[in-house]
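*Asks:* with the input below, show me the fold.
(one chain, ligands or ions: 1)
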Amino acid sequence: MMRPLYPLSTRRGTTTASVPRVETSGPVERRDVTLDTMSAPPEIPDLVASTLDLARQRGFITSTRHETGRLLASLAASRTGTLAELGTGTGVGSAWLSSGAPKEARIVSAELDPALAEDVQELFADVHNVEIVAGDWTTLEQHAPFSLLFVDVREVMESIDVLADLLEPGGIAVLDDFVPSAFWPPIVDGQVDIVRERWLTDDRFAAVEMLIDPDASLIIATRR
Ligand SMILES: C[S@@+](CC[C@H](N)C(=O)[O-])C[C@H]1O[C@@H](n2cnc3c(N)ncnc32)[C@H](O)[C@@H]1O
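*Replies:* Numbering: from 1, shown residues only. Take a look at the predicted model:
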């Protein structure tokens with residue numbers, strides 16, 4: 001079930017530039033275009049909308065964007081076994097993963113804040129393949145190996161050795177919330193982002209950074 005776009009859209013940026021006009025035949029006119037958003041259907045899954053409702057009620061402002069969510073759903077559709085999320089928040093990422101994952105796959109997500117975890121557990125009470133765990137992300141180690149690991153806590157990304165061991169061969173890590181940088185090594189606020197540099201160069205992974213929005217990027221790293 002899908003419902004119309006949640007009013008508090010996480011999409012940022014506006015498309016004020018004119019887009020190329022494509023007629024049915026003949027030359028294509030291309031004007032000056034700054035593409036600052038992507039094309040996507042406006043509907044979102046009901047469960048995602050419910051998690052965003054919870055975010056609004058709680059004043060929680062660091063929820064996963066729709067663009068990242070759609071990517072998670074798309075990757076989850078190719079996965080089997082157990083998928084994991086580190087840092088549940090109000091459950092937006094889990095909801096997107098669950099919207100894409102096959103029915104037989106299992107999703108586990110850890111949230112450090114016990115009260116927040118309890119709210120999300122209630123929200124997912126009827127979603128039988130998703131388990132929200134209250135506690136530190138390391139409590140999920142018992143459920144490894146993972147076919148997909150959504151890492152949504154900045155400090156946790158530093159633990160690349162531990163995270164590499166949690167993934168099965170061919171398993172995909174998605175690391176969210178980087179500030180795009182046009183430099184190599186990546187530089188943010190005048191400093192080299194050594195965590196990002198390490199993920200993009202570690203031999204255990206085939207990794208790529210992807211722009212999600214003009215102001216946000218993520219890393220997809222597949223375990224060899
Ligand atoms: C960026 S938010 C997560 C957003 C969420 N993944 C989503 O899809 O909307 C980070 C969350 O991680 C939680 N967190 C912080 N440190 C953690 C830890 N050590 N283990 C588990 N969760 C943690 C925070 O309480 C916060 O809710």
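*Asks:* switch to C-alpha atoms for all contacts and neighbour counts from now on
*Replies:* OK.
*Asks:* tally up the residues packed near Arg41, please.
*Replies:* Residue 41: Pro, not Arg. For Pro41, the tally of surrounding residues (other C-alpha atoms under 10 Å) stands at 8.
*Asks:* low-confidence stretches in this structure?
*Replies:* Where the chain drops to pLDDT under 70, the residues are 1-37.
*Asks:* longest strand in it, by residue count?
*Replies:* Determined from DSSP state E, the single longest strand within the chain is strand 167-178.
*Asks:* what's the first helix or strand after that strand?
*Replies:* Towards the C-terminus, the helix or strand next in line after strand 167-178, according to DSSP states H and E, is strand 187-188.
*Asks:* sheet-wise, list the partners of that following strand with their directions.
*Replies:* Strand 187-188 pairs in its sheet with strand 191-192 (antiparallel), by DSSP bridges.
*Asks:* quick one on the thing from earlier: helices or strands next to the longest strand of the chain in the packing?
*Replies:* Applying 3 or more C-alpha pairs under 8 Å, 6 or more residues apart in numbering; DSSP states H and E, one finds that strand 167-178 contacts strand 146-151, strand 216-223.
*Asks:* what residue is smack in the middle of this structure?
*Replies:* Nearest residue to the geometric centre of the chain (C-alpha atoms, centre = their mean): Thr68, 4.3 Å.
*Asks:* neighbours of the closest residue to it other than its chain neighbours, how many?
*Replies:* The shortest distance from Thr68 to any residue that is not its chain neighbour, by C-alpha to C-alpha, 6 or more residues apart in numbering, is 6.9 Å, and that residue is Ile212. Here the number of neighbours of Ile212 (other C-alpha under 10 Å) works out to 21.
*Asks:* might you enumerate the residues of the chain proximal to the ligand?
*Replies:* Taking C-alpha under 6 Å from any ligand atom as the test, the list of the chain residues beside the ligand reads 62-64, 86-93, 110-113, 136-137, 152-153.
*Asks:* can you give me the end-to-end distance of stretch 206-221?
*Replies:* End-to-end span of stretch 206-221 (C-alpha to C-alpha, to the nearest Å): 6 Å.
*Asks:* starting at the chain centroid, how far to that stretch?
*Replies:* On the basis of C-alpha atoms, centre = their mean, to the nearest Å, the separation between the geometric centre of stretch 206-221 and that of its chain is 10 Å.
*Asks:* again with stretch 55-62
*Replies:* Centroid separation for stretch 55-62 versus its chain: 17 Å, with C-alpha atoms, centre = their mean.
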